[in-house]
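Student: how would this look folded up:
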Amino acid sequence: MPQMSPINWLILMIYFSIVLIMFNSMIYSMFYYATSLPNISSKIQKNWKW
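Tutor: Below is the predicted model:
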């Protein structure tokens, strides 16, 4: 696609970076909430041992 003008490449780069930021924030939030779940499960297991 060498016939595209530079403004189209700029818009494409901005759109791609926005999509990457959204995807990375989704992955970060997924791992952030996944690390808080084993603490709750370990507390439940300790309560079941009692």
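Student: now stretch 28-37: mean pLDDT?
Tutor: Throughout stretch 28-37, pLDDT has a mean value of 70.
Student: now the helices for this protein?
Tutor: Taking DSSP state H, the helices of the chain run over residues 6-49.
Student: pLDDT weak spots in it?
Tutor: Judged by pLDDT under 70, the chain has its weakly predicted residues at 1-6, 34-50.
Student: cutoff 80 now
Tutor: The chain contains residues with pLDDT under 80 at 1-7, 31-50.
Student: kindly export stretch 16-31 (C-alpha atoms) in CSV.
Tutor: Backbone C-alpha positions of stretch 16-31 (Å, rounded to 0.1, in the frame of the first residue of the first chain) are rendered in CSV as follows:
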residue,chain,number,x,y,z
PHE,A,16,-3.7,0.8,16.4
SER,A,17,-2.1,2.3,19.5
ILE,A,18,-5.5,3.0,21.0
VAL,A,19,-6.5,-0.6,20.4
LEU,A,20,-3.3,-1.8,22.0
ILE,A,21,-3.8,0.4,25.1
MET,A,22,-7.4,-0.9,25.5
PHE,A,23,-6.2,-4.5,25.1
ASN,A,24,-3.4,-4.1,27.6
SER,A,25,-5.7,-2.5,30.1
MET,A,26,-8.1,-5.4,29.7
ILE,A,27,-5.3,-7.9,30.3
TYR,A,28,-4.0,-5.8,33.3
SER,A,29,-7.4,-5.6,34.9
MET,A,30,-8.0,-9.4,34.3
PHE,A,31,-4.7,-10.3,36.0
